[in-house]
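Peer 1: Just need the structure, nothing else, for what follows:
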Amino acid sequence: MFSQEGARLREERERLGLKQADLWVAPKTQRFYESGERCPDLEYFKTFAERGGDVLYVVTGSRAVGVVSDIEARLINAFRASPDAVRDAIMAALQAGAASAPATPIAAPVEQLITDKGFTPEECKALEEKAGIRPRSEVGAVKKGRSGGR
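Peer 2: A predicted model of the protein is given here:
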């Protein structure tokens, strides 16, 4: 196991609210796993997954679909309970934020989520303007150094 995987294992353990002593292996063994000095076996990963750990993330760095943190679960529940106008504004804000943020692995690209929601490119632009968010084309120009001094 490499240090990146070990760091992600530690991150997942902490996301679950577990201490090294809370796990089913000796704390020293867990330290070896998290430092990248040793690699857990399949039984370890099976138990880790059963306890809510995202094994795919630990191994590859990409989150598994369906594995969400507590804050993500709260966000999803609040989003589902919101009226359509609030959902539309949230989607516009998220789309603009994702366009200007470094790429991170997610279950589906924001554009796909917008498309699945049924927004046309024109509707996306209108929602961005309504929310006071820079259009994606302008954000791309700023990132590439083509802005007019903004």
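
Peer 1: mind listing what's buried in the one helix or strand Glu14 maps to?
Peer 2: Assigned by DSSP states H and E, Glu14 belongs to helix 3-15. Within helix 3-15, the residues that qualify as buried are 5-6, 8-10, 12-13, counting by 16 or more other Cβ atoms under 10 Å. For every residue, glycine as well, the C-beta is placed using N, CA and C.

Peer 1: and those as a markdown table, adding distance to Arg80?
Peer 2: Output for those, formatted as a markdown table (distance: Cβ to Cβ, whole Å):
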| residue | distance to Arg80 |
| --- | --- |
| Glu5 | 34 |
| Gly6 | 36 |
| Arg8 | 29 |
| Leu9 | 31 |
| Arg10 | 32 |
| Glu12 | 26 |
| Arg13 | 29 |
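
Peer 1: ok, back up a step: can you name the residues in contact with the helix holding Glu14?
Peer 2: The contact list for helix 3-15 (Cβ atoms under 8 Å, 6 or more residues apart in numbering) reads 1, 20, 23, 30, 33-37, 39-40, 48, 53-54, 57-59, 61, 69.

Peer 1: Sketch out the low-pLDDT regions of this protein for me.
Peer 2: The chain contains residues with pLDDT under 70 at 1, 65-69, 101-121, 123-150.

Peer 1: Got the domain ranges for it?
Peer 2: Segmentation of the chain into domains, based on automatic domain parsing, reads 3-60, 70-143.
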